[in-house]
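Trainee: Mind folding the following:
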Amino acid sequence: MIDQLTELSKAKLVAALDDIVEVLEENEMPPEKFLTKYPDKALTENEAKRLKEWANEAAEGLMK
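Mentor: Now for the predicted structure:
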């Protein structure tokens, strides 16, 4: 999905960034099925925080 973000309209891109934040806040990234196979790939609290900040800042920048 991330490679397709540049192809979206501004409205859809803001919605996709909001979805990213929501998934991070619900601790669903990476997915549980993936973590079962690769538990060492779980996001740290700092990584999740940085991703949320990036998504929020990008969405805010698009709405200006």
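Trainee: now what about whichever helix or strand residue 52 is part of, what contacts it?
Mentor: Taking DSSP states H and E as the definition, residue 52 sits inside helix 45-62. For helix 45-62, the external contacting residues (Cβ atoms under 8 Å, 6 or more residues apart in numbering) are 10, 13, 14, 17, 18, 20, 21, 24, 25, 27, 29, 43. C-beta: built from backbone N, CA, C; applies to glycine.
Trainee: and those, which are buried?
Mentor: If you count burial by 16 or more other Cβ atoms under 10 Å, the buried members of the contacts of helix 45-62 come out as 13, 14, 17, 20, 21, 24, 29.
Trainee: Looking at the residues you listed, which are in strands?
Mentor: With DSSP state E as the criterion, strands contain none of the buried ones among the contacts of helix 45-62.
Trainee: how about those residues in TSV, adding distance to residue 48 and pLDDT?
Mentor: Converted to TSV, the buried ones among the contacts of helix 45-62 look like this (distance: Cβ to Cβ, whole Å; pLDDT from 0 to 100):
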residue	distance to residue 48	pLDDT
13	21	89
14	20	91
17	15	92
20	11	93
21	10	96
24	5	95
29	8	91
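Trainee: From residue 31, how far off is the residue most central in space within the chain?
Mentor: The residue lying closest to the centre of the chain (Cα atoms, centre = their mean) is residue 20, at 3.0 Å. To residue 31, residue 20 is 13 Å away according to Cβ to Cβ, to the nearest Å.
Trainee: One more: residue 14?
Mentor: From residue 14 across to residue 31, the span is 23 Å (Cβ to Cβ).
Trainee: again with residue 57
Mentor: To residue 31, residue 57 is 25 Å away according to Cβ to Cβ.
Trainee: Repeat that for residue 37.
Mentor: For residue 37, the distance to residue 31 - Cβ to Cβ - is 10 Å.
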